[in-house]
Every structure is written in structure tokens, then in C-alpha cells.
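Novice: pasting the sequence and the predicted coordinates here, then a few questions.
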Amino acid sequence: MPEIIVIAHNIRSTHNIGAIFRTAEGFGVKRIIISGYSPYPKIDGDSRLPHIADKLTTQIHKTALGAETMVPFEYQSAPDIGQLKQGGYRIVALEQNQRSINLKDYQVPTKVALLLGEEVHGITSDYIDQCDDIVEIPMVGRKESFNVSVATGIALYALSI
């Protein structure tokens, strides 16, 4: 089974972040990097106003149901892709793109950093350009994409088997 890190960059919804924590815990994700304007649970030395940190932690807990205390995480203003690459991780964007390959056809490396992007606009081109690979989930219905937390679950399942 590969070693997986999830990077949740610019995810707006506390419910999506909570669901990502819960799903990550279920698949044995090593850690989550939360970045950009994504909400995150309270941390030691938190610079946010206490009532804001408490409110976001409570909202995340509603869907994480305790997984936010089980999966190690860190907050970064911007994910340090270079450091992850130096650590041997292959950076894999979950995104629809001209370079995307079907998730079911992806040859999973031993160390993966799965990059997730904003719910509506996805991953910005500056981060896409830094990725080693881009995978996408094939869509059969009329909608263009899955909710980011649902897509995370599908991707983690595919990467874990």
C-alpha cells in the first residue's frame, strides 16, 4: 500500500474538510496538509481569533466525527510542493485537464501527495504545472464533477488498492 499525503488547498467548506479528514483516516493517510484559505481545526499557537478557531473546529468536527484528532495535519499558507518532491513524493493532482489520465489507469507510486483544489474552480494552473501527474475520475452522468470530498474518497480508494 502506498504512503499517501492529502493536500487540501483552498477548500471553502468546513463540511468538505471534515469529510476529507474522516475519509483520510479510513484509508490510512499519513497526514493532511491544509493550505490557502481552507478552514482547519484549532492548532497550538493558533493565530486566529479564539472564537473563530473554535467555530471552525466545531463545524469540521460535525463531519469528521473525531477523525480530525486522529489524522496528523498541518496548516501552510501555500503547500510546499518542492519539499514534498524532495521527500520522494509524487505530486498527483485530482483534476480534469488535458494532461489528465483516467484514475483507473494510473500506476500508483510508493509515495503519493494527492492535491485537491477549490470546489468550483479546481486547482490553479500554477499548482497544476508543479504536479508530476494529473488524474481524473471518469464521469458518466450529466454533471461535470463530484463534490471534492466524494472525489477524495474515490481517489483514495483507487490509490490504496
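Specialist: Arrived safely. Residues are numbered from 1 along each chain as shown.
Novice: mind listing the strands for this structure?
Specialist: 3-9, 31-35, 73-76, 90-94, 101-102, 111-116, 133-136 (DSSP state E).
Novice: quick one, phi/psi of residue 100?
Specialist: phi -60, psi 150 (degrees, to the nearest 10).
Novice: nearest residue to it in space, please, no chain neighbours.
Specialist: Once flanking residues are discounted, residue 100 sits nearest to residue 136: 4.0 Å by Cβ to Cβ, 6 or more residues apart in numbering. From N, CA and C alone the C-beta is placed, and that goes for glycine too.
Novice: can you name the residues bridging to the one you found?
Specialist: The partner list for residue 136 in beta bridges (DSSP bridges) reads residue 102.
Novice: isn't it up against residue 96?
Specialist: Yes. Counting by Cβ atoms under 8 Å, residue 96 is a contact partner of residue 136 at 4.9 Å.
Novice: which one of those two has more residues nearby?
Specialist: Taking other Cβ atoms under 10 Å, residue 136 and residue 96 do not tie; residue 136 has more neighbours (19 against 15).
Novice: tilt between the longest helix seen in the chain and strand 31-35?
Specialist: Longest helix in the chain by number of residues, with DSSP state H as the criterion: helix 50-64. Here helix 50-64 runs at an angle of 130 degrees relative to strand 31-35 (axes from the mean of the first three to the mean of the last three Cα atoms, to 10 degrees).
Novice: isn't residue 99 up against residue 134?
Specialist: Yes. With contact defined as Cβ under 8 Å, residue 99 counts as touching residue 134 (4.8 Å).
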